[in-house]
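# test case, fold it:
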Amino acid sequence: MEAPENIQFYNYWCIFKRHWLPALAIFSTITGGSYLYTSAKTPIYSAQGQILFKQDKTSSLIGLDSDAQAMDSQSNSSLNTESRLILSENILRKILDIVNENSSQKTPLSVGDLQAGLEVINIEGTDILQVTYKSNNPEIASLVVNQLMNVYVNRNLLGNRAAAISAGNFITSQLPKVKANVYNADAAIRKFKEKYKLTDLAQTQRSVAENIERIGSQVDSIEAQLSDLNSRSKGIQQKLGMSPQEAIVTASVSQSSAVQGVIKELQEVQRKLANARSLYKDDHPIIVQFKEKEAQLNILLNSETTRILQGQKISSYSNLQVGSIQQDLITTLTKLEIDRLGLITQKTTLLKQQAFYQKKAATLPELQQQQGELERQLLASQSTYETLLKSLQEIKVKENRTVGNVQIVEYAEIPVVATNASNKSSMIAASLAGILVAGAVVYFLELTDKKIKTVKEARELFDYRLLGTIPIFNKIAEIGSGAVPVIEDPRAFISESYRMLQFNLEVASSKALKVIAITSSVPNEGKSTTCANLAAVMAQLEHKVLIIDADFRHPSQHLIWQISNEEGLMNVIAEKVSFSDRVIQTVRKNLDVITTGESDHNQNILLDSRKMGAFINQCPKQYDYVIIDTPPLAISADANILGKFADGVILVTRPGVADTISSKVVKERLDQSGQNILGIVINGVFADNKFYRYYHAESEYEVSGSKKHNNIKKLLGKLKFFNRS
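Sure, this is the predicted structure:
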């Protein structure tokens, strides 16, 4: 679940509090330096004027429409070009003399001074150029801008007039040529139409298409008729047994009376010859006479048919005599053949016409293209001629005008306030920069700081039971006067925190605790004050408690309780003194202390000796609780040695003092030692931490402190009873 936004902000505030000094130093340096720099600057005055730029479309007046359109599409580039021209050295030199004559300063301006202070920018989305000049003299600033705009406007007007005159001369020289082009294009179209006999090319195309379609329909009709005639002719030919040509010959011969007479006579002679052969031999004079007669008649028949058929030969004379039915069929077949030949001739004629129109239709697109090209040339020439005539009239007006395409929109006024006179914007910018840089430094310091910073980090790092959190109660020194607030100020919130520690310790343990070792990761985490105050809380609950100071390197219990350290634990272990009232010093009711004392023996040998173990095992017989103040685990192994003689170990850690590296090493040692880790006490927590916001109203607590103390005392007594039972 995400933390609420106010808690996240509070975390940021805590980070800032940890590094407020470097952040404040950086912020003060940046803002102070900015203020000093701004205050020492020479005042600069800025004058501004505006001119409206309209594009010069003189090129469009000579018929170059494409050039005019290109200029329209490049408006921004044209404005940029004009802004460069305004700052050209030629124009600056023209205004330099005027400015120096009208200025009151002793040192005259130079072209370099003007170029350094002048700026021309294009106002986005408009055709307006803004001219700005910065100077330490407000009158000169406005004078330079106004004179520059006047010189540029006059130069632009003269330039436009010169361009108009040049354009007019060009148009005048081009008009005769363009007019001749119009005449030539018109003549070319006329000759083209005369050559190909075209009046209306579109109408001609429609007419040719209609003729091709019409002839195609006629050819289709003739082909249908030919199919019908061929079918009928074929049937009659099968009945007659002759072809149409033979039918025509038969019809021609059968209608001749001379041929029919010869045929009849020939048939009679042939009949008589056949009868005679039945009576006589072939050499009989009668038979010979009939044969000669037959031969003469054949010669005569052949002569007549040749004459009638105009030299054509007849294959057989058997069909020359036909009946009336055959004669009708021959007549019909002859008529069908004549009709068929006529249709074939008509079809051939139509196909020739169709081919002619198709050929003509194929040439029309090319003619249309040629005519279109000629018409476009004529249209272009006419358009150019009309444009030149119109432009010539406009140029005459342009030559006489007194206003250019550049107009002054706003003259520059004498500035009253310097642009750098106000420190407000500079200070705001410096403040923002200071905040950003300070934030970056705080982030860097926080990133490189390996110390434990919050209660949450300590709990996540050690992953032990949290027995209590002790707020800061003495920011000057934890050892000495005021180190035991449980006794000196029992109604204070810090005292309540130690009582909560004692309560959590009893609840957290599943067995009775007699000997408790208290250690820390590194020095200055408050383990000694935790020992003293925890023992004081137990003593107030009518328990007999003994504090053993086993931190031989940096003993502190004698300083906290302000007692002597001449004889103590090391003297007992070294057997210089006995475990008696000389070593045990009573500091409060039910509370005794054994300091470290002094000895020449090796400390590690003393701690690891059997006598040390026997001594600690003897103490619970006389006391309810024995609390051992051991050295930090990161610098000594004493805590691990003493932890073997204790029923449990309490680890004290302090955010801002303990670092993550040492703490991880300590946790690994504790886990490997196999000791009974009762939990951690987080010391030195800010009183305004999110876990203590409820207790800000300390005065209210003091009013009812005595009553609350009695209630808590009763509650702890009941819990202790249930826990032991």
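
# break the protein down into its structural domains.
Following automatic domain parsing, one finds the domains of the chain at 205-371, 462-691.

# winner for burial among those?
domain 462-691 (a mean of 19; mean count of other Cβ atoms under 10 Å). Bear in mind the C-beta positions are built from the backbone N, C-alpha and C, glycine included.

# where along the stretch 501-650 of the chain do the strands fall?
With DSSP state E, counting those that start in this stretch as the criterion, the stretch 501-650 of the chain has strands at 515-520, 545-549, 585-588, 591-594, 625-629, 648-653.

# please save the CA atoms from the third one in PDB.
It stands for strand 585-588. Output in PDB follows, covering the C-alpha atoms of strand 585-588 (Å, rounded to 0.1, in the frame of the first residue of the first chain):
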ATOM      1  CA  GLN A 585      27.600   0.500  44.600                       C
ATOM      2  CA  THR A 586      24.000   1.300  45.300                       C
ATOM      3  CA  VAL A 587      22.800   4.400  43.300                       C
ATOM      4  CA  ARG A 588      19.000   4.200  43.900                       C
END
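
# before we move on, the earlier item: relative to Ala25, which of the domains of the chain is closest?
In terms of Cβ to Cβ, the element of the domains of the chain nearest to Ala25 is domain 462-691, at 19.8 Å.

# list the contacts for the spatially closest residue to Ala492 that is not a sequence neighbour?
Excluding the flanking residues, the one nearest Ala492 by Cβ to Cβ, 6 or more residues apart in numbering is Pro485, at 5.5 Å. Pro485 makes contact with 473, 492, 494-495, 498, 533, according to Cβ atoms under 8 Å, 6 or more residues apart in numbering.

# strands along this structure, start to end?
Taking DSSP state E to define them, one finds strands in the chain at 45-53, 118-122, 128-135, 406-410, 466-471, 515-520, 545-549, 585-588, 591-594, 625-629, 648-653, 677-685.

# quick one: low-confidence ranges for the stretch 201-350 of the chain?
Within the stretch 201-350 of the chain, the ranges that satisfy pLDDT under 70 run 201, 240-243, 245-260, 304, 307-327.

# please enumerate the helices of it.
Per DSSP state H, counting those that start in this stretch, the stretch 201-350 of the chain carries helices over the ranges 201-240, 244-254, 257-279, 285-309, 324-399.

# Val657: which of those is closest?
That would be helix 324-399 among these, by Cβ to Cβ, at 88.9 Å.

# got the angle between the closest one and helix 201-240?
170 degrees (axes from the mean of the first three to the mean of the last three Cα atoms, to 10 degrees).

# helix 324-399 packs against which elements?
Using 3 or more Cβ pairs under 8 Å, 6 or more residues apart in numbering; DSSP states H and E, the elements in contact with helix 324-399 are helix 138-196, helix 201-240, helix 244-254.

# gap between that helix and the chain center?
Chain-centre distance of helix 324-399: 61 Å, with Cα atoms, centre = their mean, to the nearest Å.

# cool, and stretch 176-184?
That offset, for stretch 176-184, works out to 58 Å (Cα atoms, centre = their mean).

# then that stretch to CSV, C-alphas only?
What follows is stretch 176-184, C-alpha atoms only, in CSV (Å, rounded to 0.1, in the frame of the first residue of the first chain):
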residue,chain,number,x,y,z
PRO,A,176,5.8,43.2,-79.8
LYS,A,177,7.3,39.8,-79.4
VAL,A,178,4.4,38.5,-77.5
LYS,A,179,1.9,40.0,-79.9
ALA,A,180,3.7,38.3,-82.9
ASN,A,181,3.5,35.0,-81.0
VAL,A,182,-0.3,35.4,-80.7
TYR,A,183,-0.6,36.0,-84.5
ASN,A,184,1.6,33.0,-85.4
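
# quick check: buried residues in that stretch?
178-179, 181-182 (16 or more other Cβ atoms under 10 Å).

# so which of the contacts of Pro485 are in helices?
Members of the contacts of Pro485 lying in helices (criterion: DSSP state H): 494-495, 498, 533.

# low-confidence ranges, the stretch 451-600 of the chain, go.
473-482, 510, 576-581, 599-600.

# need the helices for it, in chain order.
Ranges of helices in the stretch 451-600 of the chain, per DSSP H, counting those that start in this stretch, are 455-462, 485-488, 493-508, 527-540, 557-560, 569-573.

# can you list those helices in a markdown table and add distance to Tyr443?
As requested, those are exported to a markdown table (distance: least, Cβ to Cβ, whole Å):
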| stretch | distance to Tyr443 |
| --- | --- |
| helix 455-462 | 17 |
| helix 485-488 | 36 |
| helix 493-508 | 32 |
| helix 527-540 | 32 |
| helix 557-560 | 39 |
| helix 569-573 | 48 |
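
# among these, which is nearest Gly648?
Among those, helix 493-508 sits nearest to Gly648 (Cβ to Cβ), with 8.6 Å.

# who are the packing partners of the closest one?
Using 3+ Cβ pairs under 8 Å, 6+ apart, helix 493-508 sits against strand 466-471, helix 485-488, helix 527-540, strand 677-685, helix 698-703, helix 705-724.

# what about the residue of the chain positioned farthest from its centre, distance to Leu266?
Residue farthest from the centre of the chain, counting by Cα atoms, centre = their mean, is Pro285 at 132.8 Å. The gap separating Pro285 from Leu266 is 21 Å, by Cβ to Cβ, to the nearest Å.
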